[in-house]
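Novice: Provided below are the primary sequence and the corresponding predicted coordinates.
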Amino acid sequence: MTNSIELTGISKSYGNLTALGKVDLTVKRNEILTLLGPSGCGKTTLMRIIAGFEEPTTGKVMIDGKDSTSLAPEHRPVNMVFQKYALFPHLDVFDNVAFGLRLKKKPKDEIKREVTKALELVQLEGFKNRWISELSGGQAQRVALARALVNRPAVLLLDEPLAALDLKIRHHMLNEIKRIHEETSTTFVYVTHDQDEAMILSDRVVLLNKGGIEQIGGPQEMYWSPRTLFAAKFFGDTNIVAGTYGLGDTRSGYVDLPFGRYAHTAGDSLGAGPVNVSIRPETIALEAAQGAPLADGAFAGKVKDTSFIGNRVIYRVAVASGTLDLKCQQLPVPGSHALPPGAEVALTCKPDSFVVIPA
């Protein structure tokens, strides 16, 4: 069996409110699949349907080849890690992790052995007698992971588990989650609204919008080949520039933008007419204008503001007679200073990185 989860025709309505439209989705065995999207897009509802905390209005939930649509959560081969961890403050770390095994009335020696293995997996071997109040946020998250994994679920569901952590700890925990996934070969379904988390962690990303699936793909595909305007705007940072797409005599295409015409073959399905073009900031080269004529393909601009973010510099540049702003990203030269607002600059684009989307 290659799929851990198969969702067919899943929808969820609350009275007149539709939280999920008809969703069809498969989750491959042992993959990390991320449900990504803005608040209210339906990602948490979809996870809760997989977990059994919500019953779908229509559709079927198959987990490990078994129809689980009407099964209670405790009868499904899944465990869930919540955003607020839901640890028991009156129990120490060992007893928190052992809780599920005790509910199943496992023998004491098996509980001790399995809890010890789970704490070793999350690198908390020396913390078994600590109270939850004595743990940092990252340590509490590891306990929540150990408690979920000790029952050896076929699928581990993680509902924005890092939202309460600061940036450095969050990035560290993402690497830890990847390590734990590799060591356990468990299928992970991860919910987040953070694109960086999705790109770092995922084998595949499911981008949700207004209760439906907007696009599914690997992180690089989602970033460089968005299929809709919503996907282009949501996944990473981009410039959306209105233009016109045209066809040459041999069906070689071109796109007219406010700052120039660029050869671009967008595919046979796109006819001539108005389009939106997604241009990633890092694909726009920028340099100080030296007063000399612009090189072929370059166009003029003026820096409006600059943001220095350590490993990169973000410029907002006015182009096309001040009617359009472009965001550009450059890697800083050590010891150099960013160009100030008001600086005249020359810009060049890489048309092979343009994503042309019908307007």
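Specialist: Thanks, I have it.

Novice: switch to C-alpha atoms for all contacts and neighbour counts from now on
Specialist: Noted.

Novice: Give the burial count for the nearest residue to residue 137 once chain neighbours are set aside, as a bare number.
Specialist: Of all residues not flanking residue 137 in the chain, residue 165 sits nearest, at 6.4 Å (C-alpha to C-alpha, 6 or more residues apart in numbering). Neighbour count for residue 165, taken as other C-alpha atoms under 10 Å: 15.

Novice: Quick one: low-confidence residue ranges for the stretch 201-350 of the chain.
Specialist: Applying pLDDT under 70 to the stretch 201-350 of the chain flags the ranges 249-251, 266-269.

Novice: Identify each of the strands in it and give its residue range.
Specialist: Using DSSP state E, counting those that start in this stretch, the strands of the stretch 201-350 of the chain run over residues 204-209, 212-217, 239-247, 253-257, 260-263, 273-279, 284-288, 299-308, 313-319, 324-330, 344-349.

Novice: helices and strands around the last one, which ones?
Specialist: It refers to strand 344-349. When contacts are defined as 3 or more C-alpha pairs under 8 Å, 6 or more residues apart in numbering; DSSP states H and E, strand 344-349 packs onto strand 284-288, strand 299-308.

Novice: re the thing from before, right, and the residue nearest to residue 137 touches residue 139 too?
Specialist: No: with contact defined as C-alpha atoms under 8 Å, residue 165 does not count as touching residue 139 (10.7 Å).

Novice: Looks to me like residue 198 is in a helix.
Specialist: Yes: assessed by DSSP: H, G, I helix; E, B strand; the rest coil, residue 198 belongs to a helix.

Novice: What pLDDT does the model give it?
Specialist: Residue 198 is assigned 93 on the pLDDT scale.

Novice: gap between it and residue 279?
Specialist: Distance of residue 198 to residue 279, computed by C-alpha to C-alpha, to the nearest Å: 21 Å.

Novice: Over to residue 84?
Specialist: Counting by C-alpha to C-alpha, the gap from residue 84 to residue 279 is 38 Å.

Novice: More neighbours: those two, which one.
Specialist: The neighbour comparison of residue 84 against residue 279 (other C-alpha under 10 Å) goes to residue 279, with 25 against 16.

Novice: Dig out what the more buried one forms beta bridges with.
Specialist: Assessed by DSSP bridges, residue 279 has beta-bridge partners residue 239.

Novice: Return the residues in contact with it.
Specialist: 238, 239, 240, 241, 353, 354, 355 (C-alpha atoms under 8 Å, 6 or more residues apart in numbering).

Novice: Let me have the residues you listed in CSV, extended by distance to residue 17.
Specialist: Output for those, formatted as CSV (distance: C-alpha to C-alpha, whole Å):
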residue, distance to residue 17
238, 32
239, 33
240, 31
241, 34
353, 39
354, 37
355, 34
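
Novice: Would you mind listing which of the residues you listed are buried?
Specialist: When the contacts of residue 279 are checked for burial by 16 or more other C-alpha atoms under 10 Å, the buried set is 238, 239, 240, 241, 354, 355.

Novice: Turn the residues you listed into TSV, columns for distance to residue 226.
Specialist: TSV is the format used below for these (distance: C-alpha to C-alpha, whole Å):
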residue	distance to residue 226
238	11
239	13
240	12
241	15
354	11
355	7
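
Novice: Pop the domain breakdown of this protein in here.
Specialist: Structural domains annotated on the chain: 3-224, 281-348, as defined by automatic domain parsing.

Novice: Can you check which of these gets nearest to residue 263?
Specialist: Nearest to residue 263, of all these, is domain 281-348, at 11.2 Å by C-alpha to C-alpha.

Novice: Quick one: distance of the closest one to the chain centre.
Specialist: Averaging C-alpha positions (C-alpha atoms, centre = their mean, to the nearest Å) puts domain 281-348 29 Å from its chain's average.

Novice: Also stretch 241-255?
Specialist: 32 Å.

Novice: Next, count neighbours for residue 125.
Specialist: Here the number of neighbours of residue 125 (other C-alpha under 10 Å) works out to 15.

Novice: so how far is residue 171 from it?
Specialist: According to C-alpha to C-alpha, residue 125 stands 22 Å off from residue 171.

Novice: need the contact list for the spatially most central residue of the chain.
Specialist: In the chain, the C-alpha nearest the mean C-alpha coordinate belongs to residue 198, at 2.6 Å (C-alpha atoms, centre = their mean). Going by C-alpha under 8 Å, 6+ apart, residue 198 touches 34, 36, 192, 205, 219.

Novice: And for residue 258?
Specialist: Applying C-alpha under 8 Å, 6+ apart, we find residue 258 in contact with 243, 320.

Novice: Can you show me the strands along the stretch 51-200 of the chain?
Specialist: 58-63, 66-67, 78-81, 155-159, 187-192.

Novice: Make a markdown table from these and add distance to residue 113 and mean pLDDT to it.
Specialist: A markdown table is the format used below for the strands of the stretch 51-200 of the chain (distance: least, C-alpha to C-alpha, whole Å; pLDDT from 0 to 100):
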| stretch | distance to residue 113 | mean pLDDT |
| --- | --- | --- |
| strand 58-63 | 28 | 95 |
| strand 66-67 | 30 | 94 |
| strand 78-81 | 20 | 89 |
| strand 155-159 | 21 | 91 |
| strand 187-192 | 23 | 94 |
